[in-house]
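> Next comes the sequence, and after it the predicted model I'd like to discuss.
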Protein chains: 2
Amino acid sequence: MALTYFSGLDSSVGAIGDDAVGANARRWSVDRIVPVVGAGLAAVSYISVSEGACREAGVPGTVGPAWVLRGATSYKRYTESVEQAMLDAVQPALGRPEAGRAALLPITTSTAWWELPQDARRAIFEETSHHIAVGLEYLPAVARQLCHGRDLGEPFDFLTWFEFAPSDESRFDQLLARLRTSREWEYVEREIEIRLTREPEVERLPLANR
Amino acid sequence: MALTYFSGLDSSVGAIGDDAVGANARRWSVDRIVPVVGAGLAAVSYISVSEGACREAGVPGTVGPAWVLRGATSYKRYTESVEQAMLDAVQPALGRPEAGRAALLPITTSTAWWELPQDARRAIFEETSHHIAVGLEYLPAVARQLCHGRDLGEPFDFLTWFEFAPSDESRFDQLLARLRTSREWEYVEREIEIRLTREPEVERLPLANR
């Protein structure tokens, strides 16, 4: 179990010394933030993705993040053995050099969803909405990571993260459009779409040396 | 989603002003703490159970808790529709006047458990270990609450809580013995058994008035 932090930043430079943007943070510039269902998020220019222990955001004298979303990379609640074997055979890792585009979709589902028994949720997820089967059609083009925020008391139940090459962006758009018309998506009560382009790697100096 | 705090206290009186022991806390005296598998927990005389937002433990001038365990009362990951209907028909609420005994069993399962696909975990949980079916035999005698700590980064994946009348304690012992011999329990790598008796209700005054 690890926590992943997605920090929305107004400036690429000012926040490098911030605790929420560690030395190992991956930096992405924001192409657009679109509120899909429900309330949006404040506009930012950059998003920093980092892993680690719970930290307080903000260091005096630096520009802190406009917002920080947290999620736990937890175990899988619906994937069955045969599906896992198919996924394992084709799903790519995060951080591929060619995957210069990303999407972060924070999503919250309704109380009605969480009150459904496991078999009813699974049936909507896969047997009706074909979440895994549809997703498999877009592998290995799209790398994915799911983080869970609900048990942490976060505003978003899920932080869904996708990485792909610029040449695969239209395929990702198609995947997203198909999932959004599924029965599963009828339970979504808040969704934000954040589209991103990877920042070129720059040498990161400790703040004191800058 | 709510967080539940189980605070281990050395003194019944000194910690009432502590943030981790709110005005609505339920207080239980510890009959015994037994390390069942793996490392134990420091001996304490009382346990306070409270719900709420994340709080720091310890107030200067008061006796703080020896330890605080946190868990989220989350959704159910295995219970299916038919099982839920059977449970709903017979399961009692927490806090019954006659339920003067309780047990807190903090449990952590192995990485091997969490890496299993959902259908494999469900099969071990119910089709092999009959977790729900066995539990149903002990309803409505035993009231239960499950809190999840894994995604919070807590030392225990589960905080399992049970309340029953003193006259039903031997039945609870039998339930526990049956579950511990199940296949599911082979994945348990840390388990502590804390047995408790409810404290008589006392008037709680704000610390400043004591």
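It's in.

> Could you look up the SS state of residue A:29?
Assigned with DSSP: H, G, I helix; E, B strand; the rest coil, residue A:29 falls in the strand class.

> Repeat that for residue A:98.
Local secondary structure at residue A:98 is given as coil here, using three-state DSSP.

> And residue A:159, by the same measure?
Residue A:159, by the three-state scheme (three-state DSSP), is strand.

> residues touching it, list them.
The contact partners of residue A:159, taken as C-beta atoms under 8 Å, 6 or more residues apart in numbering or on different chains, are A:4, A:6, A:69-71, A:104-107, A:146-147, A:149. (C-beta placed from N, C-alpha, C; glycine too.)

> Nearest residue to residue A:142 in space, please, no chain neighbours.
Nearest non-adjacent residue to residue A:142, counting by C-beta to C-beta, 6 or more residues apart in numbering or on different chains: residue A:164, 4.9 Å away.

> Could you report the neighbour count for the one you found?
Applying the criterion other C-beta atoms under 10 Å in any protein chain shown, we find 25 residues in the vicinity of residue A:164.

> ok, so what distance separates it from residue A:176?
11 Å (C-beta to C-beta, to the nearest Å).

> Go ahead and confirm residue A:195 touches residue A:101.
Yes. Using C-beta atoms under 8 Å, residue A:195 is in contact with residue A:101, at 7.4 Å.

> which element is the nearest residue to residue A:194 once chain neighbours are set aside on?
Distances taken as C-beta to C-beta, 6+ apart place residue A:104 nearest to residue A:194, at 4.3 Å, with adjacent residues excluded. When secondary structure is defined using DSSP states H and E, the element that contains residue A:104 is strand A:101-109.

> Restrict the helix or strand following that strand to CA atoms and write it as CSV.
Next in sequence after strand A:101-109, counting helices and strands by DSSP H and E, comes helix A:111-115. Written as CSV, here are the backbone C-alpha positions of helix A:111-115 (Å, rounded to 0.1, in the frame of the first residue of the first chain):
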residue,chain,number,x,y,z
THR,A,111,-23.9,6.3,-2.1
ALA,A,112,-26.3,4.0,-4.1
TRP,A,113,-23.2,2.4,-5.7
TRP,A,114,-21.4,1.7,-2.4
GLU,A,115,-24.5,0.3,-0.8
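
> how far is helix A:111-115 from where the chain is centred?
Centre-to-centre, helix A:111-115 and its host chain are 22 Å apart (C-alpha atoms, centre = their mean, to the nearest Å).

> gap between the spatially most central residue of chain A and residue A:71?
Using C-alpha atoms, centre = their mean, the residue of chain A that lies closest to the mean C-alpha position is residue A:161, 2.7 Å off. According to C-beta to C-beta, residue A:161 and residue A:71 sit 9 Å apart.

> list residues touching both of the two?
A:4, A:6, A:147.

> now these as a markdown table including neighbour count and secondary structure?
Shown next, in a markdown table, are these (neighbours: other C-beta atoms under 10 Å in any protein chain shown; DSSP: H, G, I helix; E, B strand; the rest coil):
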| residue | neighbour count | secondary structure |
| --- | --- | --- |
| A:4 | 19 | strand |
| A:6 | 23 | strand |
| A:147 | 27 | strand |
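
> ok, these vs chain B, which is closest?
The shortest separation between chain B and any of those is 9.6 Å, and it belongs to residue A:147 (by C-beta to the nearest C-beta).

> Leaving out the residues flanking it, which one is nearest to the residue nearest to the centre of chain A?
Here the residue nearest residue A:161, using C-beta to C-beta, 6+ apart, is residue A:145, at 4.4 Å.

> which residue ranges form the strands in chain A?
Counting by DSSP state E, chain A forms strands over residues A:2-9, A:26-37, A:46-52, A:67-73, A:101-109, A:143-148, A:158-164, A:188-198, given from the N-terminal end onward.

> Lowest average pLDDT across these?
Least confident of the strands of chain A, judged by mean pLDDT, is strand A:46-52 with a mean of 88.

> Can you list the strands that that one pairs with?
In the sheet containing strand A:46-52, the strands it pairs with under DSSP bridges are strand A:2-9 (antiparallel), strand A:26-37 (antiparallel).

> Nearest to residue B:127, out of those strands?
Within the strands paired with strand A:46-52, the stretch nearest residue B:127 is strand A:2-9; the backing value is 31.3 Å (C-beta to C-beta).

> May I see the buried residues of the closest one?
A:3-9 (16 or more other C-beta atoms under 10 Å in any protein chain shown).

> Including distance to residue A:126, could those go into CSV?
Supplementary listing: those in CSV, determined by distance: C-beta to C-beta, whole Å:
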residue, distance to residue A:126
A:3, 27
A:4, 25
A:5, 30
A:6, 27
A:7, 33
A:8, 32
A:9, 37
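
> Contact residues of chain A facing chain B?
With C-beta under 8 Å from any C-beta of the partner chain as the criterion, chain A comes near chain B at residues A:1, A:3, A:53-54, A:72, A:74-81, A:83-84, A:114-115, A:117-120, A:122, A:148, A:150-153.

> Weed out the non-buried ones from those residues.
A:1, A:3, A:72, A:74-80, A:83-84, A:117-119, A:122, A:148, A:150-152.

> buried ones in stretch A:35-44?
For stretch A:35-44, the neighbour count (16+ other C-beta under 10 Å) marks A:36, A:41, A:44 as buried.

> If I look at residue A:204, what pLDDT would I see?
With respect to pLDDT, residue A:204 has a value of 51.

> list the contacts for the residue nearest to residue A:161?
Going by C-beta under 8 Å, 6+ apart, residue A:145 touches A:4, A:73, A:94, A:160-161.
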